[in-house]
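In: no FASTA, just this:
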């Protein structure tokens, strides 16, 4: 039996210089956009998904935002239903404003990354010096896992119309 293994050539931009770079780009994004921009986007989405995964699970386990009135309709809904209700009730407007301000503030950092003056994802918040390459690799791996985890949780909840809670079996 003859087996054909088709290997794709490693993209030129993926030279192994960034943590987590394994040369995987089947769609060819690295030939369309700067690698620093792509890594910045990957880290941003990964960090958001790490928080979103924990937040979704915590909400399904009963944790609610401090200061939320006890008679609020948001006190008794699942994470799946909370989004639409929060849009109708108004709290999502405040969140949209905060996220918008953070995005505008982060635009300068992305510009610095594109000029090569800054490492993607580095907001100079680390205590005790720059993080090691091991920590950077762990962050990329955890980010990728969180993006898959959050996608899986949301998909399962959408398919079951929010009837399945934690644990999501």
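Out: Here it is on my side, so go on. None of these values were measured; they are calculated from a predicted model.

In: per-residue pLDDT, residue 3?
Out: Per-residue confidence (pLDDT) for residue 3: 55.

In: which ones are touching the nearest residue to residue 61 once chain neighbours are set aside?
Out: Nearest residue to residue 61, sequence neighbours excluded (Cβ to Cβ, 6 or more residues apart in numbering): residue 166, at 5.7 Å. Yep, even glycine has a C-beta here, placed from its N, CA and C like the rest. Listed by Cβ atoms under 8 Å, 6 or more residues apart in numbering, the contact set of residue 166 reads 57, 60, 61.

In: let me know how buried the first one is, in neighbour terms.
Out: Number of residues near residue 57 (other Cβ atoms under 10 Å) recorded here: 17.

In: and it, how far from residue 66?
Out: According to Cβ to Cβ, to the nearest Å, residue 57 and residue 66 sit 18 Å apart.

In: where do the helices sit along the protein?
Out: For the chain, applying DSSP state H gives helices covering 35-60, 79-89, 91-115, 133-159.

In: mind checking which of these is nearest residue 19?
Out: Relative to residue 19, the nearest member of the helices of the chain by Cβ to Cβ is helix 133-159, separated by 4.0 Å.

In: packing partners for the closest one?
Out: Counting contacts by 3 or more Cβ pairs under 8 Å, 6 or more residues apart in numbering; DSSP states H and E, helix 133-159 packs against helix 35-60, helix 79-89.

In: would you turn the ones you listed into JSON lines with distance to residue 29?
Out: JSON lines is the format used below for the helices and strands packed on helix 133-159 (distance: least, Cβ to Cβ, whole Å):
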{"stretch": "helix 35-60", "distance to residue 29": "6"}
{"stretch": "helix 79-89", "distance to residue 29": "29"}
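
In: so which of those is the most packed in?
Out: Highest mean neighbour count of the helices and strands packed on helix 133-159: helix 35-60, a mean of 18 (counted as mean count of other Cβ atoms under 10 Å).

In: figure out how far it is from the centre of its chain.
Out: On the basis of Cα atoms, centre = their mean, to the nearest Å, helix 35-60 sits 2 Å off its chain's mean C-alpha point.

In: which residues are in contact with the worst-scoring helix or strand of the chain on mean pLDDT?
Out: Among the helices and strands of the chain, helix 79-89 carries the lowest confidence by mean pLDDT, DSSP states H and E, at a mean of 87. Here helix 79-89 makes contact (Cβ under 8 Å, 6+ apart) with 55-56, 59-60, 72-74, 77, 92, 95, 154, 157-158, 161-162.
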